[in-house]
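1. The sequence and its predicted three-dimensional model are supplied below.
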2 protein chains.
Amino acid sequence: MVAAALIAVDWGTTTARAALVGHDGRVLDTRQAPLGIQSVRDGRFAVALDALLGDWRGLNVRRLASGMIGSRQGWVEAPYVECPASIDDLARQLVNTPGGELVVVPGLLLHGEDGLPDVMRGEETQLAGSVGDDETVLAVLPGTHSKWAHVEGRLLLGFATFMTGELYAVLLAHSILGRLAQATAASATPGHAFERGVAQGLRDGALSHLAFGARTLALTGALDGRDVADWLSGLLIGHEIRHAREWARGRGLSCERARVIGADALVGRYSAALALAGIAAEPGPPDAAVCGLVRIARHAGWKLEQNA
Amino acid sequence: MVAAALIAVDWGTTTARAALVGHDGRVLDTRQAPLGIQSVRDGRFAVALDALLGDWRGLNVRRLASGMIGSRQGWVEAPYVECPASIDDLARQLVNTPGGELVVVPGLLLHGEDGLPDVMRGEETQLAGSVGDDETVLAVLPGTHSKWAHVEGRLLLGFATFMTGELYAVLLAHSILGRLAQATAASATPGHAFERGVAQGLRDGALSHLAFGARTLALTGALDGRDVADWLSGLLIGHEIRHAREWARGRGLSCERARVIGADALVGRYSAALALAGIAAEPGPPDAAVCGLVRIARHAGWKLEQNA
């Protein structure tokens, strides 16, 4: 058996995932726990890490983490690195927890051309694990706060956030749009209502106007109550794709294809929506965060090929 | 003293307002109560109306109402009239409550050019009370669901809804954008942060991206926590104005001026934002609903000039 060389930790808001990586860079084993930073009380991150690692605690290997664990609300604040940034820039600005339990990858800060700052934490590492040295890629990481990114090899040139997942959840739970929506079991393959929503979202218009359609379509019988949630999901994703494509074109990027990085269900939804926009979806690696952490460790000069 | 000729009731979701109108069309007295349709239990609308009217109950004058009281959740459903619609169309399709206690003005339904239906209830009456026979007006009624309308004399040609007020409330209360927002007393005159938000909203971009600025500006110290709510308010209103202007231009309407109909505080905010967009704001009449109910009553052939 290959010996362990690195413990890679993807530590987000709700979940913490750890992977044991061998000297050949492959994953030997994985563990995860609902120990995201929002569930850690009174700064007891060391206890949470021990619980996550279990019997890996005693291994004499280095530990590298990415995600919200490096935020102001996390274990140690890893100051944002300014974008454009290379993997070397990230590797040069790793931050240690006070007791040296963990090394943390910094997030990225961008001063957007629209005058607004933008930030990411964790996605920079997933991107580092998803794009090869000789590739130019338009990437999307769907989620609560979806990120679109422009990556050339080891360089992350720009990105933009869309609050798509959070808007979907908040509008359904707390706005008038949820009133006529009937709950259904989420289906793995989105249906016709989702596609109708995407088509609507790909057209021009203000989201604050278009979203009202989730009410008026149901009110007039043009949409079944059981389809309201799927239509709204499609609308928000279509709207995101429309504007992200404009953003990418403004950067001179080809929009023929996009690399979709994330969990299966969301990758499926986004791939279906991208197809409707005429953009071919390429799935990213399923373990993008681990791949990125291994790559950043190597750029930081960590010798994974022999015992550290 | 002029004798009473009509009781005009503006009955919405949260509040009910009644006005006693004289033979000369002027308001003699007003009453209001927190008896909006959402606070009326078990269909006890007759009791609520008696409580609102008090000793006006015994007056031998007709009663005309507009607003959500005519919705499916109200006292009696007054089916939507299709837009474009004239004041005569509204007057011909008044609906009586089962016991004849009240006559109700119908709302409007539009099949929008963007493929989405749109609806209003109550605003059609405020518009009827705000636009003269010989005027062509671009009007805005700010609120939870802002309405923009194209009115020519007695004819309402088209309208569009923007969920601006509801998005503001829901995002601040339930999304990540509220986390860095510090509560402040609402000021009558919106300040610099509001204007910054308006300017941002008047630029191009997806709301799901732009709104994230309420977090990133605060996170990077470019916006004080006490200014987050005002910035977001400005952003949403600016975004609404940008898209409503496109909508109006698409209809061949001049956007040099807009009539702003509603409560003082919101009219102030919208007027300030419109000015930044180069649109002159004209305030509508403060009692637009009552003016509209009087006008619709006359078009229905109700003789206000003598005892009914």
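-> Yep, that arrived.
2. so what's residue A:79 closest to, chain neighbours aside?
-> residue A:106 (6.2 Å; CB to CB, 6 or more residues apart in numbering or on different chains). (Glycine included, C-beta is placed from N, CA and C.)
3. now swap in residue A:223 and tell me
-> residue A:217 (3.7 Å).
4. rewinding a little: quick one: the residue nearest to residue A:79 and residue A:82 touch, right?
-> No: Residue A:106 is beyond contact range of residue A:82, at 10.2 Å (criterion: CB atoms under 8 Å).
5. quick one: which of these two has more around it?
-> Neighbour tally, residue A:106 and residue A:82, criterion other CB atoms under 10 Å in any protein chain shown: the higher count belongs to residue A:106, 23 against 11.
6. Give me the most central residue, chain A.
-> residue A:141 (4.4 Å; CA atoms, centre = their mean).
7. List the contacts of the strand or helix carrying residue A:88.
-> For residue A:88, the host element (DSSP states H and E) is helix A:87-92. Here helix A:87-92 makes contact (CB atoms under 8 Å, 6 or more residues apart in numbering or on different chains) with A:81, A:105-106, A:124-125, A:128, A:154, A:295-297, A:299-301.
8. of the residues you listed, buried ones?
-> A:81, A:105, A:106, A:124, A:125, A:128, A:154, A:295, A:296, A:297, A:299, A:300 (16 or more other CB atoms under 10 Å in any protein chain shown).
9. Can you spell out which residues form a bridge with the first one?
-> Yep, that's residue A:81 we're talking about. Beta-bridge partners of residue A:81, counted by DSSP bridges, are residue A:108.
10. was I right about it contacting residue A:93?
-> Yes: checked against CB under 8 Å, the pair residue A:81 and residue A:93 is within contact range at 5.4 Å.
11. buried residues in stretch A:146-163?
-> A:146-152, A:154-163.
12. Out of those, which are close to chain B?
-> Residues of these in contact with chain B (CB under 8 Å from any CB of the partner chain): A:160, A:161, A:162, A:163.
13. what's the burial count for residue A:226?
-> Quick note: residue A:226 (other CB under 10 Å) scores 14 neighbours.
14. Can you report phi and psi for it?
-> phi -70, psi -10 (degrees, to the nearest 10).
15. Where does pLDDT dip in chain A?
-> Within chain A, the ranges that satisfy pLDDT under 70 run A:1, A:185-189, A:306-308.
16. rerun at 50
-> A:307-308 (pLDDT under 50).
17. For it, which segments count as helices?
-> A:45-53, A:87-92, A:123-128, A:164-174, A:192-202, A:207-210, A:213-219, A:228-250, A:264-276, A:288-299 (DSSP state H).
18. what's the most buried one of those?
-> helix A:123-128 (a mean of 28; mean count of other CB atoms under 10 Å in any protein chain shown).
19. Can you give the distance from that helix to the centre of its chain?
-> Offset of helix A:123-128 from its chain centre (CA atoms, centre = their mean, to the nearest Å): 8 Å.
20. For it, which helices and strands make contact with it?
-> helix A:87-92, strand A:136-141, strand A:146-152, strand A:155-162, helix A:288-299 (3 or more CB pairs under 8 Å, 6 or more residues apart in numbering or on different chains; DSSP states H and E).
21. give the contact list for residue A:24.
-> Counted by CB under 8 Å, 6+ apart, residue A:24 has contacts residue A:2.
22. So what does it have for phi and psi?
-> According to degrees, to the nearest 10, residue A:24 has phi -90, psi 0.
23. Residue A:265 and chain B: what is the separation?
-> Residue A:265 sits 20 Å away from chain B, going by CB to the nearest CB, to the nearest Å.
24. Relative to residue B:61, how far out is that residue?
-> 61 Å (CB to CB, to the nearest Å).
25. Repeat that for residue A:50.
-> From residue A:50 over to residue B:61 (counting by CB to CB), the distance is 78 Å.
26. for residue A:106, same thing?
-> Residue A:106 is 72 Å from residue B:61, by CB to CB.
27. before we move on, what about residue A:176?
-> If you go by CB to CB, the gap between residue A:176 and residue B:61 works out to 35 Å.
28. All good on my end, thank you.
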